[in-house]
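Peer 1: everything below, folded, please.
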Amino acid sequence: MKSYAQALDLVDDPAAISAYDEYHRAVWPEVLAALRGIGIERMEIFRVGTRMFMYFSAPDDFDPERDFQTYTESARCNEWDELMRQYQQRIPNATEGEWWTPMPCVFDTEWFE
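Peer 2: Numbering: from 1, shown residues only. Reported below is the predicted structural model:
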């Protein structure tokens, strides 16, 4: 099992942020099933202001660049993805083509065990 961390910003609009948070309190069941279907066992999204931090665990053979967006293969999950992107924007230092920007691990207590 591997863990991944990624960052993304929300549009700086209090009403949009509130709507985004509300959607995530009631994520569509099809989205949850699709995420589990591509191997994501657990996903957490944290937010401070407009900056979001997503942390998820997936099997060792999971490749975020190859596998993550495959959850949108169903029309319902694609609809969710397009809806959420209305509220989101790339972080300033994202590279071309990145939406959620990967964050390398710089510290892990397990490195010292």
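
Peer 1: let me know the secondary structure of the residue minimising distance to the centre of the chain.
Peer 2: Taking Cα atoms, centre = their mean as the criterion, residue 54 is the residue nearest the geometric centre of the chain, at 5.0 Å. Assigned by DSSP: H, G, I helix; E, B strand; the rest coil, the conformation of residue 54 is strand.

Peer 1: which strand residues bridge it?
Peer 2: Taking DSSP bridges as the rule, residue 54 bridges to residue 6, residue 45.

Peer 1: residue contacts, it?
Peer 2: Under the criterion of Cβ atoms under 8 Å, 6 or more residues apart in numbering, the neighbours of residue 54 are 4-8, 43-46, 100. The C-beta positions use only the backbone N, C-alpha and C, and glycine is treated the same way.

Peer 1: how close does it get to residue 111?
Peer 2: Distance, residue 54 to residue 111, by Cβ to Cβ, to the nearest Å: 22 Å.
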